[in-house]
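**Q** here you go, sequence then predicted model.
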Protein chains: 2
Amino acid sequence: MNHVNQQILLASRPTGEPTVDNFRLVETPVPALQDGQVLVRHHYLSLDPYMRGRMNDGKSYAQPQPLDAVMIGGTVGEVVESRHAAYQAGDKVVGMGGWQHYAVVDGGAAGMMRKVDTTHIPLSAYLGAVGMPGVTAWVGLTDIIAAKAGETVVVSAASGAVGSAVGQLAKSRGCRVVGIAGGADKCNYTTQELGFDACIDYKAHGDLKALMGALKETCPNGIDGYFENVGGVILDAVMARMNAFGRIAFCGMIAGYSGQPIPMANPSLILISRLKLQGFIVSEHLPRWPAALQELGTMVATGKLKYRETVAPNLAAAPEAFLGLLKGRNFGKQIVKLV
Amino acid sequence: MNHVNQQILLASRPTGEPTVDNFRLVETPVPALQDGQVLVRHHYLSLDPYMRGRMNDGKSYAQPQPLDAVMIGGTVGEVVESRHAAYQAGDKVVGMGGWQHYAVVDGGAAGMMRKVDTTHIPLSAYLGAVGMPGVTAWVGLTDIIAAKAGETVVVSAASGAVGSAVGQLAKSRGCRVVGIAGGADKCNYTTQELGFDACIDYKAHGDLKALMGALKETCPNGIDGYFENVGGVILDAVMARMNAFGRIAFCGMIAGYSGQPIPMANPSLILISRLKLQGFIVSEHLPRWPAALQELGTMVATGKLKYRETVAPNLAAAPEAFLGLLKGRNFGKQIVKLV
C-alpha cells in the first residue's frame, strides 16, 4: 500500500499574531511499517488554543513545536494496517497524530494511542467532550474549583469545547452557572440548549464597569468559582465579584498568547478576598483521566452532556480554522475533517 | 482605684497616604469593673500592617475600624484587677486591647484574652514571633507554600516580624531561603544573624530587570515557594522566576494599601508555570494556632527563632511609628512600650 501523506508543518514562528504564512502544507510518502508499528488514517484533527503557545519558542509549559516538523495535535481515526498485536485494521483510535492524514504509531508506547468505542459516542467526541477538553473541564471544576452544590460558578469562553463542559458539569453538581461568551448566538446556546442559568455577552459589555454590572446582576450571591479561559478585563471583572475563599482555575489565557502580557488590574483582591488562583495543564493530571472520561462518556452517551462542533472541511483549511479559533470565530469544538 | 486611661482614636479616614492627623489622643476615666470583667494594664501595643486596611471603609477582609473609636490592636500586659475567677492580679496576658493603656475585658469571652508564660519567653514576643506575626508565617509556610526540604523559598519584607519567622522556619525545614529587604542593614541581618542563604536589597535593585537578575543569581534552581508581603514589582520579578508548581502565599500587599491598586504584570505565568496563588488571613485559621504556637514558642525559648523589635517609647508616639512601619522604617517587629 503506497499511501501519500499530506502534512502541515510549522514553517516559521509568529511575531505577534500568527498568520497562515506560519504554516506549510507538504506531501510525503507514508513509510512502510516496522514490526510493532500501526498505521492510522485520521478522520478528524483537533484544533486547540494550547497550540498557540507551542508556536512560540519562549518559556512555556510545553516544549515549543519544532520548526519544519508536523504540527502536533490530537486526532481520531481508524487503524488501516497493524504490525502490533493489540491493534487490528478497523479499530477506532484516539491519539496525538498531528496535522496530517496518516500517522505511523508505535503500538507499544504507553499513552500514545488508545482504542475507543463508538457504539454510543461519536468518534469526533473523543477530541472534545470525551477527550482532552472535557477532561480539562472536569479536572478544573472537580480538583481546583471543587464546586459544591449551591455555589455560583462562572466560566468564560462558555460555548467552547471546555467551557460548555464546565458549565454542564457544574449544573449537574447543583451549582448556579453563569457563562461569558462573545455574541448573542453563543450566549443563547449556553442558556437555551446547555441549561446555563445566565450568560453574559462580553461584546455587549465592553469595559470593566459594564462587565462588573452584568456579573452583579447575574451572580446576586457573588462568585465562588471561576473557570478562566481568556484573561484580561474579564478576569479583572470576575475577581472583583468573587466571594471570600473563591477559587479560580486558570486553564487558558487566550488574551495573552499573542504579543504583550495583559496585566491583572488588582492582585490585592487575592488577599482581600482570600482567593486561590491555580494554573493547571490536564496532561499533568493523568491519574484523574479515567474517572473523568467515565463520567463524561456516560453523560454524552445519555444525552446529558451536549456539545457543538465547528468543522473545517479538509487539511488545507486547518491553518485558517486555527486562526479563527484564536479569535473566537468557531462555535464549540473546532475540528478538521480529514476523511 | 481611679485609673486615667489614654487612648488613641481613629479621627478620620485617610485619603491616599495616612497622616498623624488621622489619629487623636484622648484621656478618659477607666470605668469600675463589673462582675466577670478583668482590668488589664498594657505593657506593649503591637503595630501591624493590617491596621492600614482597616482605616479604609472600602471592601476589605476585616470590618473597617469605626471612626472615633479606640484603634484596634494586639496587646500584652498584666492583670491589675479581676472580677473573673480565671484571672488574678499579676497574670500576664495577651489580647486585643487596642491603642490604650488600660482595657476592661470580659474574662469569659472566648478568644479575647489568654494567659501567657514569661518564664522562657519575653512578654513582648507574644506580639511577634510567638504571636500573630509568627503564626502568620507558620500557616503560610506550612499550609499554603507547604515547603519541602531542598526547595527554594523567597520571602519579602524579610527582616520584619513575619518575614524573619518565615525564613527561619523554612531553614529549619531544610529549604534554601532568600530574603528580600530594603537596605544593606536589613539584608545583612537576615543572612548574618538569622541564617538566610541570601538576601536581595530591593533598594539597590530598583526595577524589574535588576530584581530578576538578583533572583537568578541567588536562586539558581528557581523558586518553589514565595511568601508575599509587599506586592508590586517584587511580585512580578519573583513570579517570572517561579518553578513549575510553585506556590505563593499572599499575606500582605503593603504596596497596595494606599491609593491605586498595583497591577500584576503577567498573570499568564499562573498558567505557564502552573502556579498556585492563595491569600489568607491568620485569624481564619484558628485550628492551626496551637500547633503553630507550640513550635514557635519552643524555637524562641531555645534560641532557634530570633527576632528584633523596634520600640516606640509611649502611646503618643504610636501614630508616627505606625506610619513609619508602612514605609518600612522599622526593623523587625514594631511595638509601642506603654509601661
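**A** Right, received. Where do you want to start?

**Q** make it CA atoms for all contacts and neighbour counts henceforth
**A** Fine.

**Q** interface residues of chain A facing chain B?
**A** Neighbours of chain B within chain A, by C-alpha under 8 Å from any C-alpha of the partner chain: A:59-61, A:231, A:250-253, A:256, A:261-268, A:270-281.

**Q** may I see the buried residues of the helix or strand hosting residue A:167?
**A** Taking DSSP states H and E as the definition, residue A:167 sits inside helix A:161-172. Neighbour-count burial for helix A:161-172, counted by 16 or more other C-alpha atoms under 10 Å in any protein chain shown, picks out A:161, A:162, A:163, A:164, A:165, A:166, A:167, A:168, A:169, A:170, A:171.

**Q** dump stretch A:172-183 to PDB, restricted to CA.
**A** Extracted C-alpha coordinates of stretch A:172-183, given in PDB (Å, rounded to 0.1, in the frame of the first residue of the first chain):
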ATOM      1  CA  SER A 172     -25.100  18.500  37.300                       C
ATOM      2  CA  ARG A 173     -23.400  19.200  40.600                       C
ATOM      3  CA  GLY A 174     -26.100  21.700  41.700                       C
ATOM      4  CA  CYS A 175     -24.300  24.900  41.000                       C
ATOM      5  CA  ARG A 176     -25.700  28.200  39.600                       C
ATOM      6  CA  VAL A 177     -23.800  28.600  36.300                       C
ATOM      7  CA  VAL A 178     -23.100  31.800  34.500                       C
ATOM      8  CA  GLY A 179     -21.300  31.800  31.200                       C
ATOM      9  CA  ILE A 180     -19.400  34.500  29.400                       C
ATOM     10  CA  ALA A 181     -19.300  34.300  25.700                       C
ATOM     11  CA  GLY A 182     -18.900  36.500  22.600                       C
ATOM     12  CA  GLY A 183     -22.200  37.300  20.900                       C
END
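
**Q** so how many other residues sit close to the residue of the stretch 101-250 of chain A found nearest chain B?
**A** The minimum distance from the stretch 101-250 of chain A to chain B, using C-alpha to the nearest C-alpha, falls at residue A:250 (5.8 Å). Residues contacting residue A:250 under the criterion other C-alpha atoms under 10 Å in any protein chain shown number 28.

**Q** please apply the same query to residue A:191.
**A** Neighbour number of residue A:191 under other C-alpha under 10 Å is 18.

**Q** which residues of the stretch 51-200 of chain A fall in strands?
**A** For the stretch 51-200 of chain A, strands defined by DSSP state E, counting those that start in this stretch occupy the ranges A:75-82, A:92-95, A:102-106, A:113-115, A:152-156, A:176-181, A:198-201.

**Q** reformat the ones you listed as CSV; add distance to residue A:44.
**A** CSV is the format used below for the strands of the stretch 51-200 of chain A (distance: least, C-alpha to C-alpha, whole Å):
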stretch, distance to residue A:44
strand A:75-82, 5
strand A:92-95, 10
strand A:102-106, 11
strand A:113-115, 14
strand A:152-156, 26
strand A:176-181, 26
strand A:198-201, 30
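
**Q** point out the most buried one among these.
**A** Of all the strands of the stretch 51-200 of chain A, strand A:152-156 has the most neighbours on average by mean count of other C-alpha atoms under 10 Å in any protein chain shown, namely a mean of 29.

**Q** what does that strand rub up against?
**A** By C-alpha atoms under 8 Å, 6 or more residues apart in numbering or on different chains, the surrounding residues in contact with strand A:152-156 are A:147, A:163, A:166-167, A:170, A:175-181, A:219, A:221-230.

**Q** tell me which of the buried residues of helix A:161-172 is nearest to residue B:113?
**A** Checking the buried residues of helix A:161-172 against residue B:113 with C-alpha to C-alpha, the nearest one is residue A:170 at 43.7 Å.

**Q** for that closest one, which residues are in contact?
**A** Applying C-alpha under 8 Å, 6+ apart to residue A:170 gives the contacts A:141, A:147, A:153, A:176, A:177.

**Q** these two touch, right, the first one and residue A:227?
**A** It refers to residue A:141. Yes: counting by C-alpha atoms under 8 Å, residue A:141 touches residue A:227, with 7.4 Å between them.

**Q** hang on, the earlier thing: what angle sits between the helix holding residue A:167 and strand A:152-156?
**A** Orientation note: helix A:161-172 sits at an angle of 170 degrees relative to strand A:152-156 (axes from the mean of the first three to the mean of the last three C-alpha atoms, to 10 degrees).

**Q** what's the spacing between helix A:161-172 and its chain's center?
**A** Distance, stretch centre to chain centre, for helix A:161-172: 12 Å (C-alpha atoms, centre = their mean, to the nearest Å).

**Q** what do you get for stretch A:114-133?
**A** 14 Å.

**Q** just give the nearest non-adjacent residue to residue A:133, would you?
**A** Counting by C-alpha to C-alpha, 6 or more residues apart in numbering or on different chains, the nearest residue to residue A:133 once its immediate chain neighbours are dropped is residue A:162, at 4.9 Å.

**Q** mutual contacts of residue A:141 and residue A:227, please.
**A** A:166, A:249.

**Q** looking at those two, which is more packed in?
**A** Neighbour totals were compared for residue A:141 and residue A:227, and residue A:227 leads with 28 against 25 (other C-alpha under 10 Å).

**Q** can you name the residues that contact the one residue sitting closest to the centre of chain A?
**A** With distances taken as C-alpha atoms, centre = their mean, the residue of chain A nearest its centroid is residue A:133 (4.0 Å). By C-alpha under 8 Å, 6+ apart, the contact set of residue A:133 is A:127, A:161, A:162.

**Q** now render these as JSON lines, adding pLDDT.
**A** Formatted as JSON lines, the contacts of residue A:133 follow (pLDDT from 0 to 100):
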{"residue": "A:127", "pLDDT": "97"}
{"residue": "A:161", "pLDDT": "92"}
{"residue": "A:162", "pLDDT": "95"}
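
**Q** closest one of those residues to residue A:244?
**A** The shortest approach to residue A:244 among the contacts of residue A:133 belongs to residue A:162, at 25.6 Å (C-alpha to C-alpha).

**Q** that closest one: what's it in contact with?
**A** So, once contact is read as C-alpha under 8 Å, 6+ apart, residue A:162 ends up touching A:128, A:129, A:133, A:134, A:136, A:137.

**Q** so can I have a markdown table of the residues you listed showing pLDDT and distance to residue A:16?
**A** Below are those laid out as a markdown table (pLDDT from 0 to 100; distance: C-alpha to C-alpha, whole Å):
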| residue | pLDDT | distance to residue A:16 |
| --- | --- | --- |
| A:128 | 97 | 28 |
| A:129 | 97 | 31 |
| A:133 | 95 | 26 |
| A:134 | 97 | 29 |
| A:136 | 96 | 27 |
| A:137 | 98 | 28 |
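
**Q** give the PyMOL command for selecting the buried subset of those.
**A** Here is the PyMOL command that selects the buried residues among the contacts of residue A:162 (16+ other C-alpha under 10 Å):
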select buried, chain A and resi 128+129+133+134+136+137
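
**Q** now flag whichever of the contacts of residue A:162 is closest to residue B:210.
**A** residue A:136 (37.4 Å).

**Q** and the contacts of residue A:170, which two are the farthest apart?
**A** Every pair of these checked by C-alpha to C-alpha; the farthest is A:141 and A:176, at 13.2 Å.

**Q** in helices, which of the residues of chain A next to chain B appear?
**A** A:256, A:268, A:270, A:271, A:272 (DSSP state H).

**Q** out of those residues, which are buried?
**A** Neighbour counting over these (16+ other C-alpha under 10 Å) leaves A:256, A:268, A:270, A:271, A:272 as the buried ones.

**Q** much appreciated, bye for now.
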